[in-house]
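Engineer: Mind looking at a prediction? Sequence and model below.
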Amino acid sequence: MQHVESTLGPDVPIIVWSPRDGARFSLDELAAYLAEVKDRISAQLDENGGVLLRGFDCVHTSGDYQKVLDVVAPDLMDYVGGTSPRKVVNGRIMTATEIPGSYSIPLHQEMSYTDNSPDRISFFCERPPEEGGQTTIGDMRAITRAIDPKVRERFETHGGVQLCRNLPLPEKVASRPGVPKTWHEVFATDRREEAEKVAAKSGWRYEWLDDGSMQLWQEVRPTTRQHPRSGDDVWFNQVHIFSPVSALKWARLDGRTEAADRLARALEEAPQLLDHMRYGDGTEISAEDVLHIYDVLLENETPVQWQKGDVLVLDNILVAHGRKRFSGDRSVLTALIQHAH
């Protein structure tokens, strides 16, 4: 082995790979080495949930990151239907998010509100932030055990969860609370008929509202998902992000007072224009249960401080990710990995 393995702590489900004895790698040498040991990477992702390549000092740009991905995760996917604002950087490599640094991001598994979620997700630190901005990590096996069994039972009894979104026109975004995505961004088109085709193909119900926005009901999803290799059945949804009551708590914890006030007014005046989640049978989820889920995830997050050139790969079922607030410049890129299980 040309690398050594360590951990970030007893409760962090990530194995850190670093060069053995300070060995130096060129980018081509690292790619060749990773090709030799990619089965070991895959096995560690299935068992632990994450692998962090750190200290190799040869991954500097999105092109370098792509070369690493070509070896360890050659089958990348697009972000059609995703909720976070992102920019394409290179091929299917994107910015991790365009959500401002004044926002934290709660733990979540990528696109767990759709049937087409990635099997794994990768991140690359091009520039670490000046202050804050750690990526948070959560072991979903431990988090699932921490959720009140009665709460889990209620979700299962009511047939899972469904995300309902309101996707505005670009000129209406500034008037909405939070950081909403337009239907142009979600469907990568400015033509209604094209957006309708993608929605229909995905099995999503939609309605055009008088203000030009699209009301979109995505597929009903189970609340948990079983890992196909480890067999672990873990919590797998984003009810704690898309329920207005938890979004309000999130804004207040971040200190985003103005955003919290706008959200509170929208809840009173136009709740139909806010993203929300319901049980799969269409009934409302209680605020108490939503906030219980939010609190469990918050209590189980572990911050990981970025170093320049880090490449992180996570199993998207076993490990959730999020972000701390930050100030200054921060550049973290991401890629969504399919057909890995």
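Structural biologist: Okay, I see it. Every value quoted in this text rests on a predicted model; they were computed, and no experiment measured them.
Engineer: and the closest residue to Gly203 other than its chain neighbours, what does it touch?
Structural biologist: Sequence neighbours aside, Glu219 is the residue nearest to Gly203 in space, at 5.4 Å (criterion: Cβ to Cβ, 6 or more residues apart in numbering). Where C-beta positions appear, they are placed from N, C-alpha and C, glycine not excepted. Under the criterion of Cβ atoms under 8 Å, 6 or more residues apart in numbering, the contact partners of Glu219 comprise Thr114, Asp115, Gln162, Ser202, Gly203, Trp204.
Engineer: Find the pair from these with maximum spatial separation.
Structural biologist: Maximum pairwise distance in the contacts of Glu219, criterion Cβ to Cβ, is 13.2 Å, between Gln162 and Ser202.
Engineer: and the two? which has more neighbours close in?
Structural biologist: Neighbours were counted for Gln162 and for Ser202 using other Cβ atoms under 10 Å; Gln162 has more, 20 against 17.
Engineer: Let's see the host helix or strand of the more buried one as CSV, backbone CA atoms only.
Structural biologist: When elements are assigned from DSSP states H and E, Gln162 belongs to strand 161-167. Once non-C-alpha atoms are left out, strand 161-167 reads as follows in CSV (Å, rounded to 0.1, in the frame of the first residue of the first chain):
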residue,chain,number,x,y,z
VAL,A,161,-43.6,11.1,2.4
GLN,A,162,-44.2,13.4,-0.6
LEU,A,163,-42.5,16.6,-1.4
CYS,A,164,-44.6,19.5,-2.9
ARG,A,165,-42.7,22.4,-4.4
ASN,A,166,-43.6,25.8,-5.8
LEU,A,167,-41.2,26.7,-8.6
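Engineer: about what we covered before: find the residues that touch each one of Gln162 and Ser202.
Structural biologist: Shared contacts of Gln162 and Ser202 (Cβ under 8 Å, 6+ apart): Gln218, Glu219.
Engineer: before we move on, back to that, check for me that the residue nearest to Gly203 belongs to a strand.
Structural biologist: Yes - Glu219: assigned to a strand according to DSSP: H, G, I helix; E, B strand; the rest coil.
Engineer: Pro74 versus that one, what's the distance?
Structural biologist: Plainly put, Glu219 is 28 Å away from Pro74 if you go by Cβ to Cβ, to the nearest Å.
Engineer: again, but for Asp28
Structural biologist: For Asp28, the distance to Pro74 - Cβ to Cβ - is 17 Å.
Engineer: same deal with Gly101?
Structural biologist: Taken as Cβ to Cβ, the span from Gly101 to Pro74 is 32 Å.
Engineer: pretty sure Val296 contacts Ile147?
Structural biologist: Yes - look at Val296 against Ile147 with Cβ atoms under 8 Å: they come within range, at 5.5 Å.
Engineer: got the CA coordinates for stretch 63-70 in CSV?
Structural biologist: The C-alpha coordinates for stretch 63-70 follow below in CSV (Å, rounded to 0.1, in the frame of the first residue of the first chain):
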residue,chain,number,x,y,z
GLY,A,63,-10.1,19.1,-14.3
ASP,A,64,-7.8,17.3,-11.8
TYR,A,65,-10.9,16.3,-9.8
GLN,A,66,-12.5,14.9,-12.9
LYS,A,67,-9.4,12.7,-13.5
VAL,A,68,-9.8,11.3,-10.0
LEU,A,69,-13.5,10.7,-10.6
ASP,A,70,-12.9,9.0,-13.9
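Engineer: So for the residue nearest to Gly203, what's the pLDDT?
Structural biologist: Looking at Glu219, its pLDDT is 91.
Engineer: Check which helices and strands the strand holding Gln162 is in contact with.
Structural biologist: helix 183-187, strand 214-221, helix 239-242, strand 276-279 (3 or more Cβ pairs under 8 Å, 6 or more residues apart in numbering; DSSP states H and E).
Engineer: Deepest-packed of those, please.
Structural biologist: helix 239-242 (a mean of 24; mean count of other Cβ atoms under 10 Å).
Engineer: Run through who's touching that helix.
Structural biologist: Contacts of helix 239-242 (Cβ under 8 Å, 6+ apart): 83, 106, 108, 113, 161, 163, 165, 223, 246-247, 250, 275-277, 285, 290, 293-294, 297.
Engineer: Pull the distance from it to the chain's centre.
Structural biologist: Averaged C-alpha coordinates place helix 239-242 at 12 Å from its chain's average position (Cα atoms, centre = their mean, to the nearest Å).
Engineer: Distance check, the closest residue to Gln162 other than its chain neighbours against Asp281.
Structural biologist: Excluding the flanking residues, the one nearest Gln162 by Cβ to Cβ, 6+ apart is Val220, at 4.7 Å. Using Cβ to Cβ, Val220 is found at 9 Å from Asp281.
Engineer: what's the overlap in contacts for these two?
Structural biologist: Taking Cβ under 8 Å, 6+ apart as the contact rule, Val220 and Asp281 both touch Gly159.
Engineer: in terms of contact, does the residue nearest to Gln162 touch Cys164 like I think?
Structural biologist: No - with contact defined as Cβ under 8 Å, Val220 does not reach Cys164; the gap is 11.1 Å.
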